[in-house]
Each structure stands twice: as C-alpha cells, then as structure tokens.
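Participant: Compute the structure for the input listed below.
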Amino acid sequence: MNDKYITIYNNLINYTRNKDLYKNLNREDNFSDRLTLFLLHFAFFLKNYKNEENKKILQEIYDYNFRQLELSIREIGYGDQSINKKMKDYINLFHSMVSEIHFWDDLSKSDKFNKISGFLSDFQNKEELLEYFDLFNSNLSKKTLNSYLKSVSNP
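Facilitator: Got it, this is the predicted structure:
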C-alpha cells in the first residue's frame with residue numbers, strides 16, 4: 001500500500017487522541033467514540049480543501065483513510081462479513097457528517113451545536129466540543145492542503 005498520505009492520516013489520528021475531547025464522557029471512551037471524532041476531523045479537513053484543483057488528491061486521501069480504518073477494524077478482530085457492514089455504517093456516518101457541516105461557516109451557534117450534538121450524543125461537553133471544532137475549522141482554513149501533505153502538524 002502506498003503510504004503517500006500517512007502524514008495526513010497520522011495528523012488526524014493525533015487530533016483524535018486529544019484527551020481533552022474525552023474528559024466529559026461519562027464512561028471510558030471506546031473505538032466508536034474515537035472513530036466518530038476521527039471522522040468529524042476528516043470531514044472538516046475535506047470541507048476546507050474541497051475544490052476542483054484538489055479533487056484527485058482528496059479522493060486518494062479519502063481512499064487511503066478508509067483503507068486504514070478497515071485495517072484497524074480487522075485488527076480489532078471483526079470477521080469479513082462484520083467488516084463490510086461496519087465499513088458501510090462508518091462511510092454512511094461520514095457522508096452524513098460531510099453533508100451536515102458543508103455550510104458550517106454560515107451556521108448559527110445553535111445550529112452548529114445541534115449538528116455536533118447529533119454526532120456526539122454521549123459527550124457531556126458539547127459546548128467545548130463546538131468551540132474545539134470551530135477552532136479546528138478555522139485553523140484548517142489558514143493552511144494549504146500542501147502544508148498538510150508535506151509536514152507534520154501538531155494538534
């Protein structure tokens with residue numbers, strides 16, 4: 001497998017590992033929680049860099065990230081039939097995230113809160129998560145896709 005996009009994948013994983021994101025979860029975080037946050041980060045990433053010029057690269061990044069997720073699910077121990085179902089569920093979740101945050105910059109704070117709440121229902125700190133993703137989105141908009149392709153970015 002070509003690891004051309006490993007830097008972007010690892011950056012998204014590092015953002016997802018931010019312990020502050022999980023501090024008000026009333027239970028131990030699990031794979032599903034981490035994956036949901038990963039997918040949200042990835043959705044914001046794609047939202048910010050989506051244009052005709054980046055279309056081919058973003059498709060390759062999309063394919064690479066979902067291939068990595070499938071490998072992670074296999075490592076957990078799911079069987080082939082379960083993996084296909086899980087991947088379908090995760091891809092559908094991701095596409096609904098992309099759809100919901102497409103106009104993020106134009107949404108009111110309450111609309112943003114409702115969208116974040118829909119994806120992160122088990123999290124108690126939704127206001128903090130909303131601020132976090134607003135800042136994450138803003139930071140993404142200040143960088144070029146090329147800067148993510150060529151460097152390691154810290155969360």
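Participant: what's the neighbour count on I61?
Facilitator: 23 (other CB atoms under 10 Å). Glycine gets a C-beta too; all of them are placed from N, C-alpha and C.
Participant: pretty sure A43 is touching F94, no?
Facilitator: Yes. Counting by CB atoms under 8 Å, A43 does reach F94; the two are 6.4 Å apart.
Participant: where are the low-confidence patches of this structure?
Facilitator: In the predicted model of the chain, residues 1-2, 151-155 satisfy pLDDT under 70.
Participant: any chance you could map the helices in the chain?
Facilitator: Assignment of helices within the chain using DSSP state H yields the ranges 6-16, 31-49, 55-76, 80-101, 109-119, 126-141, 145-150.
Participant: Looking at the ones you listed, which one is packed in the most?
Facilitator: Ranked by mean neighbour count, these are led by helix 31-49 with a mean of 21 (mean count of other CB atoms under 10 Å).
Participant: quick check: angle from it to helix 80-101?
Facilitator: Helix 31-49 and helix 80-101 meet at an angle of 50 degrees, taking axes from the mean of the first three to the mean of the last three CA atoms, to 10 degrees as the criterion.
Participant: Can you spell out which helices and strands pack onto helix 31-49?
Facilitator: Packing contacts for helix 31-49, counted by 3 or more CB pairs under 8 Å, 6 or more residues apart in numbering; DSSP states H and E, involve helix 6-16, helix 55-76, helix 80-101, helix 126-141.
Participant: Residues contacting that helix, please?
Facilitator: 8, 12-13, 15-17, 21-22, 25, 58, 61-62, 65, 69, 76, 90, 93-94, 97-98, 101-102, 104, 119-120, 122-123, 133, 136-137, 140-141, 145, 148 (CB atoms under 8 Å, 6 or more residues apart in numbering).
Participant: The same query, at a cut-off of 7 Å, please.
Facilitator: For helix 31-49, contacts defined as CB atoms under 7 Å, 6 or more residues apart in numbering pick out 12-13, 15-16, 21, 25, 58, 65, 76, 90, 93-94, 97-98, 101-102, 104, 119-120, 122, 133, 136-137, 140-141, 145.
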